[in-house]
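J.: only geometry, no sequence info:
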DNA sequence: TTGTATGCGTTATCAG
DNA sequence: CTGATAACGCATACAA
């Protein structure tokens, strides 16, 4: 058992003051004299006094922790996109004196976890990850009166809660336009799981761009799976084996793109030459330098998921600390970064 | 503000019992009659009663949370290896009713975070990540009497605390032997940062294997950097540009290996033909299907970091719940998985 | 087998 | 400006 340091009572005794005064001095209450405050702060520093989190929490109802439920429904658990988001959120939390609480659960148990968070007063608020169409979690959280911010959009974003999302539809519209401008017509879409709103939005953006150009998207060129390197690899091999292979591949993640590139090379093709590759780039920190280099390698629509994490945490803390304020919504635009993996349609893959 | 459900007092009143009896019934104390217990449990379920975490924590001193300090000293923050470990630890924690607390901090502030954890009674124990030679954190934690388990080895593993590590030295010894058996002599090592023990151990294993074979390792073929895809890519291009390029590359991570493979293909070389690639494989879940296939792609020394996370959390919870027990230490062996990226030395790269 | 009383370490209310 | 005193919600030593 870890033994704590001094507590408020001991500190007060040592100073010859009451606990009340010491508490007020430390918590920045205005009515305490400057002389006393200085003396108290000095003593607190000397004794390395810190208030017990559980005692403070019991007294105030606040925990200074934000919850994150990690569901492990599909085989994959914590994917790198998620952990980069957490890294960003963690930065903000640390800055504001909050901790991040992570709880793993089956997807069906997620409602129970929120209830648990509230009944046991474990967190002050939560981040909702991976919203789906008509996501039931929104209603649960509202009925629990637990502050929350959605990373992504639920209820088409018109709901009365805070959210932050990337304009995925426009990002994939633009990405498709870019490929169309290069002369590509047979464009494969390697999307993420489309029960998730962000992936559905991306698909819609792609389809809109195609139809705006008077083209019909070939459903056989579209797929939706968890965003793994192996998905890009396997799917690309399948696509290349067809009678009419695509001349361009649009990927929902740089991880997928790595697999696509690997498969292309294995088939003796060069990305940007025979087949163009364009990916959505979450600016993952461990792939960072692949994209953030002098001459970008991968052509991509980019928006930092870590920055999103930072901002979402800010929004959540604001909801927690000023619940009377109105919810905020932000829609970020991804930027197009032109690298070397895209080029005009040419060669064997001409359609 | 989230409004809680019923508390113990209300539940007791409702049942016409004392808080004590209700508490005991719920916590499985033997002295309560079965009839009463059943009645209490039924009522608790009906009211969805859950004890307040802060109140319970204040009364017992336990928090049912384990801490993880994430330092962001180098640019990279949460790398995928870390998050996969967390996923494993999270599984165990969930199973035992613990939550994972994540706090981000600068490396220099880590000592302060542990003190904060203890003084404010925020967690019951912590996982120590990325131990270095003569890691000061061990002493801090011991002096704080905070239960901890090290993922990796500190103090050469002879210290009086629990730890779990992979036998990195042997893994890289074996990996090197495997390449030597294939006839490779010029072997490049793309290691992780060598101030971390695991990387230092890997280097040692590699060097030992070389010297056992009567060979001298060429320091110009060895490098140590954060384990990014871009590192593998850039470094491979450098190596290939030399007068005497290596015929084999030994990587500290599959992420690095992906970059190596990409660079090889860009140079018109095929992994397993002109240049062999062997990686340490943490069995990262999002790369899982690339490596866990019928015919493995990448030749690798494999040990699941997620399984390590599961086991470390078990060990930590055991330390927390039975501090009088003796610490445990486990050294896991990585298994060799032969894939297609290695082959006998041949062609241009013959040395 | 059940109940009473007290402590856990803060914060907050209300006097002075 | 400062100080008693009462919550906060649970666990537990001690009585009955």
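T.: Cool, the structure landed. In this text the structure is predicted, and so the values were computed from the model without any measurement. Numbering: from 1, shown residues only, chains lettered A, B, ... in the order given.

J.: can you map out the strands along chain A?
T.: Under the criterion DSSP state E, chain A contains strands at A:65-71, A:99-105, A:125-128, A:148-151, A:162-166, A:187-191, A:222-224, A:248-251, A:276-281, A:299-302, A:329-332, A:335-337.

J.: chain center to stretch A:319-327, what's the gap?
T.: Taking CA atoms, centre = their mean, to the nearest Å, one finds the center of stretch A:319-327 at 21 Å from the center of the full chain.

J.: what's in contact with it?
T.: The set of residues external to stretch A:319-327 that reach it, using CB atoms under 8 Å, 6 or more residues apart in numbering or on different chains, is A:66, A:124, A:125, A:147, A:148, A:149, A:160, A:161, A:162, A:163, A:318, B:1. Every residue, glycine included, has its C-beta placed from N, CA and C.

J.: for that stretch, what is the average pLDDT?
T.: Taken as a whole, stretch A:319-327 carries a mean pLDDT of 92.

J.: same check on stretch A:199-213?
T.: On average, the pLDDT along stretch A:199-213 is 98.

J.: related to what we said a few turns ago, quick one: closest of the strands of chain A to residue A:119.
T.: Across the strands of chain A, residue A:119 has its closest neighbour in strand A:65-71 (13.0 Å, CB to CB).

J.: mind checking how far the residue nearest to the spatial centre of chain A is from DNA strand C?
T.: Centre of chain A computed as the mean C-alpha position; nearest residue by CA atoms, centre = their mean is residue A:85, 4.0 Å away. According to CB to the nearest atom of the strand, to the nearest Å, residue A:85 and DNA strand C sit 31 Å apart.

J.: sorry, back to before: neighbour count added to the contacts of stretch A:319-327, as a markdown table?
T.: As requested, the contacts of stretch A:319-327 are arranged in a markdown table below (neighbours: other CB atoms under 10 Å in any protein chain shown):
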| residue | neighbour count |
| --- | --- |
| A:66 | 27 |
| A:124 | 25 |
| A:125 | 26 |
| A:147 | 25 |
| A:148 | 26 |
| A:149 | 27 |
| A:160 | 10 |
| A:161 | 19 |
| A:162 | 21 |
| A:163 | 24 |
| A:318 | 18 |
| B:1 | 11 |
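
J.: also near DNA strand D: which of those, exactly?
T.: By CB under 7 Å from any atom of the strand, no member of the contacts of stretch A:319-327 lies near DNA strand D.

J.: adding distance to residue A:46, write those out as TSV.
T.: Listed next are those as TSV, based on distance: CB to CB, whole Å:
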residue	distance to residue A:46
A:66	32
A:124	31
A:125	35
A:147	37
A:148	40
A:149	39
A:160	48
A:161	45
A:162	41
A:163	46
A:318	35
B:1	36
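
J.: just those residues now: which is nearest residue B:191?
T.: Using CB to CB, residue A:66 is the member of these that sits closest to residue B:191, with 36.5 Å.

J.: what bridges to residue A:105?
T.: Per DSSP bridges, residues listed as beta-bridge partners of residue A:105: residue A:71.

J.: was I right about it contacting residue B:94?
T.: Yes. In this structure, residue A:105 is within contact of residue B:94 by CB atoms under 8 Å, at 6.4 Å.

J.: having no further points to raise, I will conclude here.
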